[in-house]
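Asker: Here is a sequence together with a model predicted from it:
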Amino acid sequence: MRVRLLDLCHARSGDKGDTANIGLIARKPEYFPLIVREITAERVRNHFAGIVRGSVERYELPNLGALNFVLHEALGGGGTLSLRNDAQGKTLAAALLRMELDVDKDLLLK
């Protein structure tokens, strides 16, 4: 079945200059292997095509059931330089949670 990441994860985002980061935290431990497998740096970069001009790095935090993504050149220069509505990247977490993926419905029933 097709679901949004919002059904599987919580997320937070922030910034440092022109670099944004997004923490993606599994709602249940059972979801973590799925997000590790499916939510790659390349997939996140493709999801933010046109926004992220640089690379995307992914860090795994298995003890937290989380992934952290660092999005380089993502904020149009950063808070004091950017003309974007969200120059600090605060809404990027919500945007990532809109990503859809296919999951086995049995996983959601656990």
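Answerer: Noted; the coordinates are in hand.

Asker: separation between residue 43 and residue 34?
Answerer: From residue 43 across to residue 34, the span is 13 Å (CB to CB, to the nearest Å). C-betas here are computed from N, CA, C, even on glycine.

Asker: Over to residue 16?
Answerer: 29 Å.

Asker: Which one's more surrounded, these two?
Answerer: residue 34 (16 against 13; other CB atoms under 10 Å).

Asker: ok but the more buried one is inside a strand, no?
Answerer: No: using DSSP: H, G, I helix; E, B strand; the rest coil, the secondary structure at residue 34 is helix, not a strand.

Asker: what sits against it?
Answerer: For residue 34, the contact set (CB atoms under 8 Å, 6 or more residues apart in numbering) comprises 8, 103, 107.

Asker: quick check, residue 58 in a strand?
Answerer: Yes: judged by three-state DSSP, residue 58 forms part of a strand.

Asker: Enumerate every residue touching the residue lying closest to residue 36 once chain neighbours are set aside.
Answerer: Once flanking residues are discounted, residue 36 sits nearest to residue 60: 6.4 Å by CB to CB, 6 or more residues apart in numbering. Contacts for residue 60 (CB under 8 Å, 6+ apart) come out as 36, 66-67.
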